[in-house]
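>>> predicted structure and sequence below. I'll ask about it afterward.
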Amino acid sequence: MDLFSDIRDTSANLLPQDGIVNYYGKILLPAEADSYYSILLSSIEWRNDEAIIFGKKIITKRKVAWYGDRDYEYTYSNITKRALPWTKELLDLKNRIEGATGEQFNSCLLNLYHNGEEGMAWHSDAEKDLKKDGAIGSLSLGAQRKFCFKHKAGAQVVSVALEHGSLLVMKGATQTYWLHRLPPSKAVTRPRINLTFRTIVG
Ligand SMILES: O=C(O)CCC(=O)C(=O)O
Ligand SMILES: [Fe+2]
């Protein structure tokens, strides 16, 4: 392997304006990424996500879990969740990501997409429980997936491939001005785990 092939400018902004998104590439060694992937798959308390949309209860195929420093409450899509206490692996990963980014986080939302049929629709993470303009550190494990940003006021779209063991950071005004999504992909047949480290207030 070319020693320098994965050295990139982590301060390069993927967005042309109105926010900051940095892609750090793979921050875990392949064996570490494999190991976290299988440990998290079996040890996290995965639950089907629920949402109330236009008064109707929706149960997603995608599974989720929420962990934090305290039993924080977090409300999105009209459902309130209470954080579970950190596991050893989640705390290790939180420390790694804090070290890489210089940011601090107090909670983590995890998503499990069983295959490419499962994704996440356009949204921004700007709920009132989240620190305004706080950084969100997003770690990807498992199948590589495409991730997209779309400006709320225009047609600009920015895409990035999220690799196994990679870190993406969204910060500044990103959630105010941009939507993001994980598009479905027929080509993806394997699962992916995503961890978004966040700061909850209150
Ligand atoms: O799966 C991902 O990469 C992103 C998930 C996401 O946007 C979220 O949990 O808010
Ligand atoms: Fe999000």
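Alright, I've got the coordinates. Numbers count the residues shown, from 1 in each chain. Ligands and ions are numbered 1, 2, ... in the order given.

>>> in this protein, which spans are strands?
20-26, 47-53, 56-68, 73-76, 79-82, 84-85, 107-113, 120-123, 136-142, 145-151, 157-162, 166-171, 178-182, 192-198 (DSSP state E).

>>> including distance to residue 34 and mean pLDDT, could those strands go into JSON lines?
The way it works is simple: take the backbone N, C-alpha and C, and place the C-beta from them, glycine included. What follows is the strands of the chain, written out as JSON lines (distance: least, Cβ to Cβ, whole Å; pLDDT from 0 to 100):
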{"stretch": "strand 20-26", "distance to residue 34": "12", "mean pLDDT": "97"}
{"stretch": "strand 47-53", "distance to residue 34": "24", "mean pLDDT": "87"}
{"stretch": "strand 56-68", "distance to residue 34": "20", "mean pLDDT": "93"}
{"stretch": "strand 73-76", "distance to residue 34": "29", "mean pLDDT": "83"}
{"stretch": "strand 79-82", "distance to residue 34": "29", "mean pLDDT": "85"}
{"stretch": "strand 84-85", "distance to residue 34": "24", "mean pLDDT": "97"}
{"stretch": "strand 107-113", "distance to residue 34": "16", "mean pLDDT": "97"}
{"stretch": "strand 120-123", "distance to residue 34": "24", "mean pLDDT": "95"}
{"stretch": "strand 136-142", "distance to residue 34": "9", "mean pLDDT": "98"}
{"stretch": "strand 145-151", "distance to residue 34": "17", "mean pLDDT": "98"}
{"stretch": "strand 157-162", "distance to residue 34": "16", "mean pLDDT": "98"}
{"stretch": "strand 166-171", "distance to residue 34": "14", "mean pLDDT": "98"}
{"stretch": "strand 178-182", "distance to residue 34": "21", "mean pLDDT": "98"}
{"stretch": "strand 192-198", "distance to residue 34": "12", "mean pLDDT": "98"}
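
>>> winner for burial among those?
strand 136-142 (a mean of 25; mean count of other Cβ atoms under 10 Å).

>>> for the residue of the chain found nearest ligand 1, what are its contacts?
Closest approach between the chain and ligand 1, counting by Cβ to the nearest ligand atom: residue 194, at 3.4 Å. Each residue near residue 194 by Cβ atoms under 8 Å, 6 or more residues apart in numbering is listed here: 110, 111, 113, 138, 139, 140, 141, 162, 182.

>>> repeat that for residue 179.
122, 123, 124, 149, 150, 152.

>>> for residue 96, see how far away it is.
In this view, residue 179 and residue 96 are 28 Å apart by Cβ to Cβ, to the nearest Å.

>>> what do you get for residue 191?
21 Å.

>>> now residue 66
19 Å.

>>> any idea which of the contacts of residue 179 is closest to residue 40?
residue 123 (22.9 Å; Cβ to Cβ).
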